[in-house]
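> 3D model of this:
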Amino acid sequence: MSDKISIMAKIEEAILRFTKPDYMDSKEKIDDFLANKPLQKPVGGIFKSRDFDGMQVFTFGDETADNTILFIHGGTYVNEINYQHLLYCRLMSRKLNANVLAPVYPLAPHHSAIETFDMVTGLYEKLTVRNNLILMGDSAGGGFVHAFCQYLKTTDIRQPDLTVTFSPWVDISMSGNYNSENDPILGEIGLKEIGKSWAGKWGTDDYRVSPLFGDNTGLSKSVIFAGTNEIFYSDIEKYVDNLINDGVDVRFIKGKGLFHIYPLFPMPEARKAFKEIKKEIIN
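Residues are numbered from 1 along each chain as shown. Below you'll find the model as predicted:
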């Protein structure tokens with residue numbers, strides 16, 4: 001990526017700073033948010049979805065497509081899938097000759113990671129009969145993807161052919177040293193409390209919620225994008241080093257001066273990121 005930041009990226013960052021949730025930087029407000037968050041409801045809209053064992057799953061593209069992408073959405077495990085995610089899934093289905101599935105998985109604080117693991121495992125196992133199976137996720141969803149692949153090693157279920165993640169949350173315990181000022185979306189205080197809720201009885205340092213602490217040996221190739229200005233950047237660097245040390249083929253694509261999950265936004269840097277993904281999926 002070029003060191004020069006586009007005008008669109010600067011505009012997007014300014015908008016994000018203006019709309020940053022106040023609970024990200026306040027213990028009182030995150031506690032109130034978690035205590036009063038309404039129960040999760042099915043997501044409506046114009047896109048097609050189906051039920052899979054009680055879990056709503058959005059689907060894009062034909063099941064006979066050359067590639068299958070299981071996309072795990074972000075939102076710090078408390079926010080529902082949104083149109084930004086769904087539009088990106090539609091884009092991938094059209095540009096990558098892919099059948100894309102995006103599950104609406106159970107969220108904190110009313111649910112914890114163990115429930116989502118159970119539901120996603122059932123869906124993923126159904127897809128393993130297909131060739132060119134790709135696991136993809138952004139932010140919390142990206143962290144889930146890496147943890148899920150580590151978990152698969154304890155089962156008889158095969159690994160995906162490729163993983164692609166944007167700004168994965170790889171340590172929900174937030175055990176490192178962080179600077180929240182540069183991140184226009186996230187904050188250390190809010191993330192720590194959300195992480196506790198999501199981990200539930202597993203604890204925040206369990207690899208199934210914090211893959212930074214897990215074993216990556218034998219995992220498939222991974223492509224990881226991260227903005228150098230995001231709060232997760234130092235943890236993602238550590239995780240990439242872990243992958244390399246565990247013998248995993250990994251590409252780490254750094255968005256210099258960019259923010260969290262930048263590949264999902266309508267700007268030149270995101271288009272460059274998409275071209276990198278296309279090169280990996282369509283030879």
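> Which pLDDT value does the model give residue 2?
Per-residue confidence (pLDDT) for residue 2: 50.
> Could you list the low-pLDDT ranges of the protein?
Applying pLDDT under 70 to the chain flags the ranges 1-3, 283.
> please redo it, this time with the cut-off set to 90
1-4, 39-46, 179-182, 282-283 (pLDDT under 90).
> how about the helices in it?
Using DSSP state H, the helices of the chain run over residues 7-19, 27-36, 83-95, 113-127, 140-152, 188-199, 233-245, 268-281.
> okay, the ones you listed, which one's buried deepest?
Counting by mean count of other C-beta atoms under 10 Å, helix 140-152 has the highest mean neighbour count of the helices of the chain, with a mean of 25. C-beta coordinates here come from the backbone N, C-alpha and C atoms, glycine included.
> Packing partners of that one?
Packed against helix 140-152 by the contact rule (3 or more C-beta pairs under 8 Å, 6 or more residues apart in numbering; DSSP states H and E) you find strand 67-72, helix 113-127, strand 133-138, strand 162-166.
> wait, what's in contact with residue 189?
24, 25, 26, 27, 30, 180 (C-beta atoms under 8 Å, 6 or more residues apart in numbering).
> what's the closest of these to residue 61?
residue 24 (34.5 Å; C-beta to C-beta).
> follow-up on the earlier one: please convert the helices and strands packed on helix 140-152 to TSV, extending it with distance to residue 275.
As requested, these are exported to TSV (distance: least, C-beta to C-beta, whole Å):
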stretch	distance to residue 275
strand 67-72	16
helix 113-127	25
strand 133-138	16
strand 162-166	13
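> Throw the helices of the chain into a markdown table and include distance to residue 260, thanks.
Formatted as a markdown table, the helices of the chain follow (distance: least, C-beta to C-beta, whole Å):
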| stretch | distance to residue 260 |
| --- | --- |
| helix 7-19 | 8 |
| helix 27-36 | 17 |
| helix 83-95 | 12 |
| helix 113-127 | 21 |
| helix 140-152 | 11 |
| helix 188-199 | 11 |
| helix 233-245 | 9 |
| helix 268-281 | 13 |
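> tell me the contacts of residue 146?
By C-beta under 8 Å, 6+ apart, the residues touching residue 146 are 163, 165, 168, 170, 211, 214, 216, 222, 239.
> From residue 46, how far out is it?
31 Å (C-beta to C-beta, to the nearest Å).
> and if you look at residue 31?
Residue 31 sits 36 Å away from residue 46, going by C-beta to C-beta.
> What residues are bridge-paired with residue 250?
Beta-bridge partners recorded for residue 250 (DSSP bridges): residue 222.
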